[in-house]
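# my questions concern the predicted model and sequence given below.
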Amino acid sequence: MNNTLRALCAASAALVLSGSLQPVYAVTLMPLTLVMERDKAVVVLHVQNDEARTKIFEVQAFLWSQEGGEDKLEPAVDLVVTPPIVKLAPGEKKIIRVGVMQKNTGRTDEKAYRLLLRDITPIELQAGQLHLQMQYLLPLFMSPSRPQSGVQLVEFTSPDNPRCIQITNTGNIHAKLVWTAADGAPASISPAQKYVLAGGQALYCPAKSSTDEGHVVAGVTSAYQNEVTSYEVLPPSH
């Protein structure tokens, strides 16, 4: 299911040092990417506890920006999350609402946020177990009045990888790189996941195996598209 994240883990990401395995459980989140249309003031996230025990999550919203291609998160003072603490019995489903303090229907550029769900369920450790609690960081976008996409991809040589890709986003919405491949060789497709926010620039270095020879192509999409668009990665001299 495209819009569902089923995060599978052994005993809630528990690493059992004794070597014995615990049952596999899951938490379901839907959708994976939240989009608040410009005429709306609330977006909804569905959460389901597929574990055999009660789970408790803390939910926080962060303003998402990028500096030098790196993500920067800071508390989102213009958003309200309800409820901020979610308690789910085994098999229970609940809704988390994220609302904006002041609706702005005239924004020209997309605003980007991240919604953090952190597992704060009390842990009861047994001898020989290390229990790591999960957290989920979901993208949340406020759409502009007129979403416009625009990207340019250019080969870039880094000290560690001669076939990196410099992604320049000239649109007013985010761009998401989802795969790279050698031109004319679809079997060489390598999955990727790199966000470049509106007006931003970032560097992505794909695995050498899929792009060692020939031209490189890349697949780019966004939360406003149902398909992936293929782009040729231009040579540096272009």
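All right, it came through fine. Numbering: from 1, shown residues only.

# where does the protein have its least confident helix or strand?
In the chain, the helix or strand scored least confidently by mean pLDDT, DSSP states H and E is strand 14-16, which has a mean of 33.

# and after it, which helix or strand comes next?
Per DSSP states H and E, the first helix or strand lying C-terminal to strand 14-16 is strand 24-30.

# what does the lengthiest strand in the chain rub up against?
Counting by DSSP state E, the longest strand found in the chain is strand 55-67. Under the contact criterion Cβ atoms under 8 Å, 6 or more residues apart in numbering, strand 55-67 has outside partners 27, 47, 49, 71-76, 78-79, 81, 83-88, 96, 98, 111-122, 139-140, 196-197, 200, 202. No exception for glycine: its C-beta is placed from N, CA and C like everyone else's.

# rerun at 7 Å
Here strand 55-67 makes contact (Cβ atoms under 7 Å, 6 or more residues apart in numbering) with 27, 49, 71-76, 79, 81, 84-88, 96, 98, 112-121, 197, 200, 202.

# of those residues, just the buried ones, PyMOL syntax please.
In PyMOL, this line selects whichever of the contacts of strand 55-67 come out buried by 16 or more other Cβ atoms under 10 Å:
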select buried, resi 27+49+76+79+81+86+88+96+98+112+113+114+115+116+117+119+121+197+200+202
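
# can you spell out the domain ranges of this structure, please?
Per automatic domain parsing, the domain ranges recorded for the chain read 5-142, 151-232.

# just the ones you listed: most buried one?
Comparing the domains of the chain by mean neighbour count (mean count of other Cβ atoms under 10 Å), domain 151-232 ranks first with a mean of 17.

# for that domain, give the mean pLDDT please.
Throughout domain 151-232, pLDDT has a mean value of 86.

# got the end-to-end distance for that domain?
One end of domain 151-232 to the other measures 11 Å (Cα to Cα, to the nearest Å).

# wait, residue 204 touches residue 177, no?
Yes: here residue 204 lies in contact with residue 177, judged by Cβ atoms under 7 Å, at a distance of 5.9 Å.

# show me the common contact partners of these two, please.
Common contacts of residue 204 and residue 177, defined by Cβ under 7 Å, 6+ apart, comprise 167, 192, 194.

# from the residues you listed, which land in helices?
Secondary structure assignment by DSSP state H places none of those in helices.

# in strands, which of those residues appear?
Here DSSP E is the test, and the shared contacts of residue 204 and residue 177 give 167, 192, 194 as lying in strands.

# from those residues, which is closest to residue 228?
Among these, residue 192 lies closest to residue 228 (Cβ to Cβ), at 11.1 Å.

# got a list of what the residue nearest to that closest one when sequence neighbours are not counted touches?
The shortest distance from residue 192 to any residue other than its chain neighbours is 5.1 Å, reached at residue 177 (Cβ to Cβ, 6 or more residues apart in numbering). Counting by Cβ under 7 Å, 6+ apart, residue 177 makes contact with 167, 192, 194, 204, 218, 220.

# any idea how far residue 177 is from residue 42?
Using Cβ to Cβ, to the nearest Å, residue 177 is found at 30 Å from residue 42.

# same question, residue 52
For residue 52, the distance to residue 42 (Cβ to Cβ) stands at 32 Å.

# same check on residue 83?
Distance of residue 83 to residue 42, given as Cβ to Cβ: 14 Å.

# same question, residue 219
Using Cβ to Cβ, residue 219 is found at 32 Å from residue 42.

# near the spatially closest residue to residue 171 that is not a sequence neighbour, how many other residues are there?
Excluding its sequence neighbours, the residue lying closest to residue 171 (Cβ to Cβ, 6+ apart) is residue 150, at 3.9 Å. Applying other Cβ atoms under 10 Å, we find 13 residues neighbouring residue 150.
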